[in-house]
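Novice: fold the following, please.
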Amino acid sequence: MTPTKNIQPQKRRSRPALIRKGLLLVMAGLAILTGYLFYSWQPHYKVQVFNTSSGWGYDILDNGKPFIHQPTIPGVPGVVGFTNSEQAQRVGERVVEKLQEEQAMPTLTHDELRQLGVTIP
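Specialist: Predicted structure coming up:
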């Protein structure tokens, strides 16, 4: 008599379990892709101040690319720069806030400029 081997049947995964795992992987991939695309499409503004011949100004960069170049105090006639870099920085940051709130080109009134500590000649 030949010895018999204990042959155990191989376990197979059921189809519904494989389908569930596949769907979960696809859904996780889509969620990651959607998050990445949403994040990459959002504007990422940054303020950079610079010195000019008439004082200080600011640039607003959108994802590292120039978006707004403001070498003078906005709304003031003539070529009048900000008195110091802190004023230019504060105004630039306020412009970024407005861009994020309204998604349009922002405007600043003289009252807003004064509230930000800007000296208007």
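Novice: so what's the gap between the longest helix anywhere in the chain and the chain middle?
Specialist: Longest helix in the chain, counting residues (DSSP state H): helix 15-41. From the chain centre to the centre of helix 15-41 is a distance of 24 Å (C-alpha atoms, centre = their mean, to the nearest Å).
Novice: which residue packs closest to the residue most central in space within the chain, ignoring adjacent ones?
Specialist: Taking C-alpha atoms, centre = their mean, the centroid of the chain lies closest to H44, which sits 2.9 Å from it. Excluding its sequence neighbours, the residue lying closest to H44 (C-beta to C-beta, 6 or more residues apart in numbering) is N63, at 5.1 Å. C-betas here are computed from N, CA, C, even on glycine.
Novice: what count of nearby residues applies to the one you found?
Specialist: By other C-beta atoms under 10 Å, the residues close to N63 number 12.
Novice: one step back: now do the buried residues in the helix or strand just after the longest helix of the chain.
Specialist: Counting by DSSP states H and E, the next helix or strand C-terminal to helix 15-41 is strand 45-52. Of all the residues in strand 45-52, those buried under the rule 16 or more other C-beta atoms under 10 Å are Y45, V47, V49.
Novice: also stretch 97-117?
Specialist: Of all the residues in stretch 97-117, those buried under the rule 16+ other C-beta under 10 Å are K98, L99, P106, L108, E112, L113, L116.
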